Structures are given as C-alpha cells and as structure tokens.
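Undergrad: Fold the following and give me the result.
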Amino acid sequence: MAPLLTSIDELPTAILSDIFSRVSGESLLPYRCVCKHCREAIDDSYFSNPIHCSKERAVLFHEYDEEEIHLLKIHREAAAQMIKIGKFPVPRGYAIQGSCNGLLFFRHRTDVKNNGELLINPLTKKFLRLPRAPDLSPDVSVYGLGFDRSANTYKMVQINANGFDYKTRTCMLGARVYDFDKRSWRTCKGPPLPDSAGPSRNFVFASGALNWFLKSYSLSDGPLARAMLSFNLTKEEFSLIPIPDVFFECDDFNLGTRMHELGGSLALVHRLGNKDIDLWVLQDSTRREWTRKYSMRLPPAVKNNYYTVVGADKRDELILRCDGDMYLYDVNEDRFTKCWTGARGCYAHFRYEPLSLVPLERLGDAARL
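TA: Modelled structure (predicted):
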C-alpha cells in the first residue's frame, strides 16, 4: 500500500499545477502566500502552463481622464451583469498599445523619448520597464509583444522605417527582435511596404504572430492599406496579409474596421452603418484565407452612435459596446442583453483580456505599481 501524503509539499508539482488550473485567476493570488511549494507551482516558469493562459477573462474599463483602469467580470447569476473585481493605476500619460496572455503593453502618448515602454500585469499589479533596441529611434518606432510557443519564451519586436527605394516606390522596415529568455536583441529584415504606408502603433497577437494595420495616405485606399503587416514569432519573418476587398467597398474609408484576437485567431470587424457588423476570421493563416463568421443586424443605436465589438465571452456570444453601455449578444439566438451602463461615451475605452499570473520577474526587474 502506497504511503499517504501528509503535507502539501509532498504533492508533485504537476498535480498541484493541475489543481490550481481549475481555480479562477483572481482566486489564485492568496494561494501564493500559503507556502513555497504553492508559490513555485503558480509561478511555474513554463508560460504555456494553463494557469498562466487562463480561460477566464475580464473587461478592462478606462475613462481617459481617470488614472485607474477597472477590471469587470460578467456575473451570469445576476442576469449577466458586470461586477468589479479590481482596479490598478495607469502611469500618467500612457496608453495601451496591445497585449499578450493578459500582459498589457503601454506606451507614452506624447513624450516617448523620455518615457520608456511598460509591460503591466493588471491582476498582480506588477510592471516592467521594457528595453529598447540601441540602434533604432524610439520616436518613430512601432512595437509588438508576443509568445513563441516553440521556444517557450516571450519576444518583443521594435520596427521603424529605415529607407525609401525610389525605383520600386517601396519603404523598407528596420526591425529588431528581443528575446526575453536570452535578454538580447537580434536583427530581422522587414518586408518592403507600399509607398506612403506604414504600420500603426496598436498591435494584436493571434495565432502565434504579431499583426499591425498598415496606414495608407492614399485617398483611393482610405486610411487603411489593402494589406496588414504580420510577424511570425517562431520563424521571425514578416509577411503581408491581404484584407478582403469587401472592406473597401464602403464610403467610410474603413473607419469602422477593427482588429481583434478571437479564440486565438486573428479577426477583423467590419462595421456597415451604425447597426450592422460583419466579423471575419483568418481561418488559414498559411493560405491567408478569410471567412465571414458572423453577420450581425443589431437594434438601431441611440443618439446616432454605433456598436463596436469588445470581444467574445464564449462561443457565439459577443461583448459589444455602444456609447457608454455594454451588451451581450447571442449570435445564434439573436438575443441582445445590456450588462453594463454608466460610462461616459467617447471618454470610455474597453478591452477584453485574459486574467494572467505570468510573473513579470521572469522577464526582468519587475516592480509594483
């Protein structure tokens, strides 16, 4: 007969990690204080551990003139209402540019030269000052942060334009890749971009790649170029992903187009007027094939506002916002439920992010907010 376990310290880490993976992210924080063995299991260096890629998500709500971001969670037992589960301070002058596995990437809005980029875990309220490539100018740089599962490490990309070829009418991107495991930069060749086109500052991490819209200054294409820039973190290669032609048939020059991560895949939201939304998903990232997953015909928006997609709460159920209100929309049942109200319209910003316990100390010298 096998001897009975008399202490939690005798429990194998793999079993303890499996137990903790069934606990919500915010509930795990107190368990880190129980004992050293629990803390080591929760802070496991393998970032692909299910604890760190929690299925639980929260809505991050921020009003631009406030210095705090609130974490809201859908409470289904209370008629799908949002409840506050926490908040964290926003460093003055900073704005979110993107995220990866629940880690938020912040960049200063105005004084980029004197204020470095930050990585923040909203659940643990820890932040990390990020390094910069020594040979690229931060004033004209665009960044992205993602996780390379093949190497089990986080990587950051810094890119900027380093020259223009007048013969081909293309702009070449200079790029550097930072490996958080090796704590070093590598040079990476970027693709040639069309004349007068460059990557936007906001990025989306999906399907193992970083993605940016390309802004075009040609009125024939509108604010967005007809392709987006993508960077494969495993191959460390750039490529261009064509955007479906239907996005360029509207008269609003794609002003209603947004990029999202939806169930791990890259998604594009195409707004048609103030109440109709199409959602496209990149089903095959290798063949660059887009599929129209949803076509939503929503109730008329009030006060001449329009609906935007915040994220997907679960399969076929989307979180939408209109002005200062938030809604749950069941695509299959065409059911529309208000779950949050009270935000100040154009001042409010919403994101739908996973709750993560990734220890920033593994990536650098982290500190508390």
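Undergrad: show me where this structure has helices.
TA: 13-20, 25-28, 36-42 (DSSP state H).
Undergrad: Asp148: neighbour count?
TA: If you count neighbours by other C-beta atoms under 10 Å, Asp148 ends up with 20. C-beta: built from backbone N, CA, C; applies to glycine.
Undergrad: for Asn211, what are its contacts?
TA: Asn211 makes contact with Phe203, Val204, Phe205, Met228, Leu229, Ser230, Phe231, Ile241, Met259, Leu266 under the criterion C-beta atoms under 8 Å, 6 or more residues apart in numbering.
Undergrad: how far away is it from Ala175?
TA: 14 Å (C-beta to C-beta, to the nearest Å).
Undergrad: And for Gln283?
TA: 27 Å.
Undergrad: ok, the two, which is more surrounded?
TA: Neighbour totals were compared for Gln283 and Ala175, and Ala175 leads with 24 against 13 (other C-beta under 10 Å).
Undergrad: The more buried one is in contact with Lys189, isn't it?
TA: Yes - contact status for Ala175 versus Lys189: in contact at 7.0 Å, counting by C-beta atoms under 8 Å.
Undergrad: Mind listing the shared neighbours of these two?
TA: Joint contacts of Ala175 and Lys189 (C-beta under 8 Å, 6+ apart) are Phe238.
Undergrad: In the stretch 251-369 of the chain, where is pLDDT below threshold?
TA: For the stretch 251-369 of the chain, residues meeting the criterion pLDDT under 70 lie at 251-255, 273-275, 301-304, 344-347.
Undergrad: what are the ranges of the strands in it?
TA: 258-262, 265-272, 276-284, 289-297, 307-314, 317-322, 325-330, 335-340, 348-354, 367-368 (DSSP state E, counting those that start in this stretch).
Undergrad: any idea of the angle the third one forms with strand 317-322?
TA: This means strand 276-284. 140 degrees (axes from the mean of the first three to the mean of the last three C-alpha atoms, to 10 degrees).
Undergrad: so what strands line up beside strand 276-284?
TA: According to DSSP bridges, strand 276-284 has the following sheet partners: strand 265-272 (antiparallel), strand 289-297 (antiparallel).
Undergrad: List the residues that contact Glu353.
TA: Contacts of Glu353 (C-beta under 8 Å, 6+ apart): Arg57, Ala58, Leu60, Ser99, Gly102, Leu104, Pro122.
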